[in-house]
Each structure stands twice: as C-alpha cells, then as structure tokens.
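Colleague: Sequence first, predicted model second:
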Amino acid sequence: MSVRNYLRPERLPTYWCPGCGDGLVITSMAEVFEELHCDEKNTVLVSGIGCAARAPGYFTLESVHGLHGRAVPIAEGIKIVRPELNVVIISGDGDLLGIGLNHLIHASRRDTDIKVICIDNQIYGMTGGQKSPTTALGVKTLTSPEGNTDRPVDCQALIKAHNSFYARATTFHLPLLKKAIRAAMEHRGFAMVDVRSQCPVNYGRRLGYRNAYEMLMHFKQHYKPVKGVVDRLAHDEIGITSENPKSQIQNPNSA
C-alpha cells in the first residue's frame, strides 16, 4: 500500500499556507501508518480546532473534527467504547495546550491508550497571529505587541509528571519525527509527540524570517537530536524520553 493511498487527492491543494509545516507532519504520519498497517478498519483520527486540526480531513482514515479544545475527551470516549482501535489525535498547540490543556493532563494521568500528535508552531496562526500557550517570552504578536510576558507551557514537564511517553521533534528532522511517531504508536498507554513546526506567514514574518526555509534552518541550528532514549530532554534537545517496544498496533495481516 502506498503512502498516497492514505491521503485524499481530491482535497489538494491543502488549506494550509505555503511553507506551513503541517504537510510534512501528515506525510510522516502516513509513512508510519503504512509501516504499521493502520487502515480505516482499525484506526481513527481526532482533532479539535485550528490549522493543524484540519489534518485528519486529508487522510482516508475515519476521523472526527471536534470542538475547540475537546479532541482529548472525544478520543478517550472512542477508546472506551472501541478499545481495539488505534485512536490518534492531530491538533495544534493552541487547541491542545490552551483550552484543551486540562483534558490533556488528565488523559496523561489516567494513562489512556491514545496517541497525541501536537503540531506546535507557537502561534494562533489560523486567526491571524495571536500568542499561544507556547509563544516564547518577549515575542511580539497581535496580542502581545510589547512582547510576550507569559511563560510558555512546559509540555514535557506536564506529561512526564505522570511518567507518560513524551517525544519532541521538528519538521526539519524528519527521520527523527517519523521515529518518534512510530514509537508513540507502539507504546502501550498515553503517548505524546510534540512537533516544533513553522508558521512562516503569521509568525515567522513577525520574527524577521523571510520564508519557511529560514525557519527550518533555525530548527536545524538550535535543536540537537539525542541518541537513544533519555529520561528528560533539555529545552534545545529533540528525541524520545520513554518507549515501550511491545507494539499494540492492530495488524489485520498478522496471524
């Protein structure tokens, strides 16, 4: 089965702005789904509201486009009723770490067997460029014209507080991104992949980046991949912090 079979060509070109990193993430996800034999019978995608939340609509898999910030409880409900399914959330930092943060923390605490792919571009890109929960200190946005004074959410600290699976990658480090997504899918229990992605239109230009390429080069220069599985990632490191090698993927082709 080709990766192309996981995506809907009739919905192309995508909703996203030129240079957006969301397309790189869904391509990596499609590659993992192909390797693990995920299909419309054993896998469902869930999202909330935002740029990244449009991602499930481009897949041929079953999907639910939910309310703002409510992707996690929807996914938990699906998993409770249909525990045999692979339930995967794709959404952004505004949706998952803003209004949806409480749900995310408690799903991690309960170790609900869902997978969360958070496409983190550090901005509310769809609505014009307001600061998000992960916007860095001092950054000027529509809602922080003098510079952001709110400390960004430490997603790793929140997730690792309950010893849940957490990985961090970027849209430049695609082999690591794919490895992290696969490890999350194979993990038994709650798993989150925090993907640092570029928004060249409503974020990058305000920071002085001329295009998406320069933002990707920033990821290359400022994020250091770690080898193996580590207890914790430094703020400038990317990698996997916990991993369970026992796959839970429902493979209809297996004996």
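Modeller: Cool, got the structure.
Colleague: OK, contacts around Val88?
Modeller: Shown in contact with Val88 (CB atoms under 8 Å, 6 or more residues apart in numbering): Met29, Thr43, Val44, Leu45, Val46, Ala75, Ile114, Lys115, Val116, Ile117, Met185. Every C-beta, even on glycine, is put in place using the N, C-alpha and C of the backbone.
Colleague: Please name the bridge partners of it.
Modeller: When bridges are taken as DSSP bridges, the partners of Val88 come out as Leu45, Lys115.
Colleague: how close does it get to Thr43?
Modeller: Counting by CB to CB, to the nearest Å, the separation of Val88 from Thr43 is 7 Å.
Colleague: ditto for Glu146
Modeller: Taken as CB to CB, the span from Glu146 to Thr43 is 45 Å.
Colleague: and what of Leu176?
Modeller: Computed as CB to CB, the Leu176 to Thr43 distance reads 23 Å.
Colleague: neighbour count winner among these two?
Modeller: A count of neighbours by other CB atoms under 10 Å puts Thr43 above the other of Leu176 and Thr43, at 23 against 20.
Colleague: Next up, phi/psi of that one, please.
Modeller: With angles defined as degrees, to the nearest 10, Thr43 sits at phi -140, psi 140.
Colleague: which residues sit in contact with it?
Modeller: Shown here is Thr43, whose contacts under the criterion CB under 8 Å, 6+ apart are Phe33, Leu61, Glu62, Leu85, Asn86, Val87, Val88, Gln250.
Colleague: now with 7 Å?
Modeller: For Thr43, the contact set (CB atoms under 7 Å, 6 or more residues apart in numbering) comprises Phe33, Leu61, Leu85, Asn86, Val88.
Colleague: any idea how far the nearest residue to Lys131 once chain neighbours are set aside is from Tyr58?
Modeller: Leaving aside its sequence neighbours, Lys131 sits nearest to Thr141 (CB to CB, 6 or more residues apart in numbering; 4.4 Å). Using CB to CB, one gets 27 Å for the distance from Thr141 to Tyr58.
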